[in-house]
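Q: this one's sequence-less:
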């Protein structure tokens with residue numbers, strides 16, 4: 001009987017072979033970037049320093065730090081208010097405060113230019129009321145920080161909300177029993193327990209800022225990503241672009257390592273079995289109206305104002321006689337590639353998740369960690385690696401839909417692996433071992449026993465990949481087949497040429513379509 005439930009010493013080939021192939025695919029772009037840059041290392045290094053590499057690095061780091069800190073400052077109070085207090089309509093606020101996640105940075109960037117630019121909508125209003133003929137220039141660091149902070153804080157919000165929902169209320173009750181009030185308990189107990197969630201969310205916000213191309217380009221703030229894109233588009237020899245991408249890769253991996261260091265080695269779980277109990281609500285009292293005002297201001301600035309501005313520009317374009325042309329092939333392209341990317345990503349994520357949970361060891365741990373590389377790297381670096389590889393070694397698939405979907409899989413594999421792994425951890429291996437003991441093959445056990453139980457987690461991962469793919473811009477711009485347009489590329493093309501009315505309609509459509517998977521994720525969280 002003991003032998004019947006013994007863990008297999010090595011996973012079957014149907015598990016480890018696909019998992020190893022997935023890891024090799026994820027490593028392909030950064031490895032090829034390294035090979036390309038190393039082929040002309042001395043001249044590439046000299047050119048890097050001629051391009052003010054340290055100045056661009058400093059500007060990038062300042063923006064990353066500012067957006068990460070700003071995101072934490074906004075997200076932690078919002079998460080606490082929507083989980084642990086008696087805030088009215090908490091579920092309503094929970095959804096609204098998370099929805100800015102669906103707004104792409106390039107949409108947020110051109111909205112900021114429209115409203116706060118030197119000759120923008122706010123300046124026009126102030127000129128009519130007070131005779132103000134010009135506002136300070138919003139372009140540069142201020143505009144980029146404002147835009148990216150309002151669009152990045154939901155990354156921190158979602159991780160902190162998840163941490164609060166899992167936090168044992170007994171910790172707070174013990175603190176209150178020792179004489180600490182609600183504020184003291186929050187800072188002494190809750191905030192310390194949320195340290196991993198805050199660090200993880202801040203890392204996502206930092207990586208999003210590091211990889212951003214749309215907002216920094218529209219607001220004319222030079223970072224590594226924008227400099228690489230300019231170099232890629234203007235240079236005949238793209239070795240320098242590969243070298244700059246490697247610097248960006250090193251910076252992204254440094255952020256990942258820094259998050260692990262910040263999280264530290266302390267334990268954040270209870271050692272006992274624990275008892276499930278309802279979360280006790282903190283009474284806001286006289287802080288009720290300030291809390292509602294805070295939620296309202298953030299939602300208005302990050303969601304309602306952008307949606308209203310887009311709607312206004314759609315109306316303005318139609319009123320001026322501009323036809324409201326919906327290129328349905330563009331909509332179809334976006335939905336198609338996002339759906340294919342979501343399906344392909346969760347399919348290749350399953351072997352890695354099974355390896356990391358059912359066959360725990362050094363080999364499986366390394367394979368799982370490798371999947372994080374793609375998510376830690378900016379889309380432009382992944383795209384450049386695939387461009388260099390495709391041109392030299394795989395011309396038949398260069399600039400095809402297949403290569404574009406492959407890039408999406410590399411970029412967004414980590415969230416799919418995480419969702420599948422979390423669901424698989426909740427499935428008892430005894431059920432699988434019993435099925436194998438009855439003569440079922442590993443493949444039949446997986447399809448008939450494991451897959452139905454982990455399907456909700458797989459669907460959550462697919463929804464998240466769909467959302468991220470809909471917004472992705474740099475990889476789509478570089479790797480799309482000739483003549484293949486998506487909502488993201490059509491918005492970018494119109495906004496970069498200052499055709500704001502033409503960009504507003506597809507931007508609204510993109511936001512509405514992306515809200516569906518996010519709503520699915522939020523509904524699953526509240527169950």
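A: Great, that's in hand. Nothing here was measured: the structure is a model prediction, and the numbers come from that model.

Q: Check the contact between residue 141 and residue 62; I expect there is one.
A: Yes. Using CB atoms under 8 Å, residue 141 is in contact with residue 62, at 7.2 Å. Glycine gets a C-beta too; all of them are placed from N, C-alpha and C.

Q: per the record, what domains does the protein have?
A: 1-29+328-484, 40-263+290-324 (automatic domain parsing).

Q: Let's have those domains in JSON lines, adding mean pLDDT and mean neighbour count.
A: As requested, those are exported to JSON lines (pLDDT from 0 to 100; neighbours: other CB atoms under 10 Å):
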{"stretch": "domain 1-29+328-484", "mean pLDDT": "80", "mean neighbour count": "19"}
{"stretch": "domain 40-263+290-324", "mean pLDDT": "80", "mean neighbour count": "19"}
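
Q: Between those, which one is closest to residue 496.
A: Distance to residue 496, taken as CB to CB, is lowest for domain 40-263+290-324 among the domains of the chain, at 7.2 Å.

Q: one step back: between the domains of the chain, which one is nearest to residue 514?
A: Judging the domains of the chain by CB to CB, what sits closest to residue 514 is domain 40-263+290-324, at 3.8 Å.

Q: Over to residue 354: give its phi and psi.
A: phi -60, psi -40 (degrees, to the nearest 10).

Q: OK, contacts around the residue nearest to it when sequence neighbours are not counted?
A: Spatially, and ignoring its direct neighbours in sequence, residue 354 is nearest to residue 15 (5.4 Å; CB to CB, 6 or more residues apart in numbering). For residue 15, the contact set (CB atoms under 8 Å, 6 or more residues apart in numbering) comprises 351, 354, 355, 359, 442.

Q: Next: residue 373.
A: Counting by CB under 8 Å, 6+ apart, residue 373 has contacts 26, 27, 30, 253.

Q: How about residue 519?
A: Contacts of residue 519 (CB under 8 Å, 6+ apart): residue 95.

Q: doesn't residue 465 make contact with residue 514?
A: No. Residue 514 is beyond contact range of residue 465, at 11.9 Å (criterion: CB under 8 Å).

Q: so residue 505 sits right up against residue 314, yeah?
A: Yes. With contact defined as CB under 8 Å, residue 505 reaches residue 314; the gap is 5.2 Å.

Q: Please report how far residue 83 lies from residue 164.
A: Applying CB to CB, to the nearest Å, the value for residue 83 to residue 164 is 4 Å.

Q: Regarding the residue nearest to residue 466 when sequence neighbours are not counted, what is its secondary structure?
A: Nearest residue to residue 466, sequence neighbours excluded (CB to CB, 6+ apart): residue 342, at 4.3 Å. Following DSSP: H, G, I helix; E, B strand; the rest coil, residue 342 is assigned to helix.

Q: Next up, the contacts around residue 342.
A: Counted by CB under 8 Å, 6+ apart, residue 342 has contacts 462, 463, 465, 466, 469.

Q: and with 10 Å instead?
A: Contact analysis of residue 342 by CB atoms under 10 Å, 6 or more residues apart in numbering lists 405, 408-409, 412, 416, 459, 461-470, 517.

Q: Could you tell me which of the residues you listed are located in helices?
A: Secondary structure from DSSP state H places 405, 408-409, 412, 416, 459, 461-470, 517 of these in helices.

Q: where do the contact lists of residue 514 and residue 465 overlap?
A: In contact with both residue 514 and residue 465: residue 338, using CB under 10 Å, 6+ apart.

Q: thinking again about what came up before, residues that sit against both of residue 141 and residue 62, list them.
A: Common neighbours of residue 141 and residue 62 (CB under 10 Å, 6+ apart) are residue 221.

Q: returning to that earlier point: now the two most distant members of the contacts of residue 15.
A: Using CB to CB, these reach their maximum pairwise distance at 355 and 442, which is 12.5 Å.

Q: Spell out which residues are contacts of both of those two.
A: With CB under 10 Å, 6+ apart as the test, residue 355 and residue 442 both reach 11, 15.

Q: How about residues contacting the host helix or strand of residue 312?
A: Assigned by DSSP states H and E, residue 312 falls within helix 305-319. Outside of helix 305-319, the residues within contact range by CB under 10 Å, 6+ apart are 99-100, 103, 107-108, 110-112, 114-115, 121, 147, 150-151, 299-300, 322-324, 499-512.

Q: ditto for stretch 392-402
A: Against stretch 392-402 from outside (CB under 10 Å, 6+ apart): 32, 35-36, 333, 336-337, 340, 344, 386-387, 389-391, 403-404, 406, 478-482, 484.

Q: what about residue 225, which SS state?
A: Going by three-state DSSP: residue 225 is helix.

Q: Touching, it and residue 474? I think so.
A: Yes. Applying CB atoms under 10 Å as the test, residue 225 and residue 474 come out as touching, 7.0 Å apart.

Q: Give me the common contacts of the two.
A: Listed as contacting both residue 225 and residue 474 by CB under 10 Å, 6+ apart are 211, 212, 213, 214, 217, 378, 379, 380, 381.

Q: if I pick the last one, what's in contact with it?
A: Translated: residue 381. Applying CB under 10 Å, 6+ apart to residue 381 gives the contacts 29-30, 33, 211, 224-225, 228, 241-242, 244-249, 252, 374, 411, 474-475.

Q: at 6 Å instead, please
A: For residue 381, the contact set (CB atoms under 6 Å, 6 or more residues apart in numbering) comprises 245, 248, 249.

Q: Dump these to JSON lines, plus distance to residue 135 and secondary structure.
A: JSON lines is the format used below for the contacts of residue 381 (distance: CB to CB, whole Å; DSSP: H, G, I helix; E, B strand; the rest coil):
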{"residue": "245", "distance to residue 135": "36", "secondary structure": "helix"}
{"residue": "248", "distance to residue 135": "33", "secondary structure": "helix"}
{"residue": "249", "distance to residue 135": "38", "secondary structure": "helix"}
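
Q: Put together JSON lines for those, with distance to residue 133 on each row.
A: Output for the contacts of residue 381, formatted as JSON lines (distance: CB to CB, whole Å):
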{"residue": "245", "distance to residue 133": "43"}
{"residue": "248", "distance to residue 133": "41"}
{"residue": "249", "distance to residue 133": "46"}
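
Q: and of the residues you listed, the nearest to residue 453?
A: residue 249 (36.9 Å).

Q: Against residue 454, how distant is that closest one?
A: Distance from residue 249 to residue 454, by CB to CB: 32 Å.

Q: Tell me how far the helix or strand harbouring residue 242 lies from the chain's centre.
A: Using DSSP H and E, residue 242 sits within helix 239-263. Computed by CA atoms, centre = their mean, to the nearest Å, the chain-centroid distance of helix 239-263 equals 16 Å.

Q: That helix packs against which elements?
A: For helix 239-263, the packing partners by 3 or more CB pairs under 6 Å, 6 or more residues apart in numbering; DSSP states H and E come out as helix 13-38, helix 41-50, helix 195-211, helix 224-234, helix 379-393.

Q: Pretty sure residue 421 sits against residue 353.
A: Yes. Counting by CB atoms under 6 Å, residue 421 does reach residue 353; the two are 4.3 Å apart.
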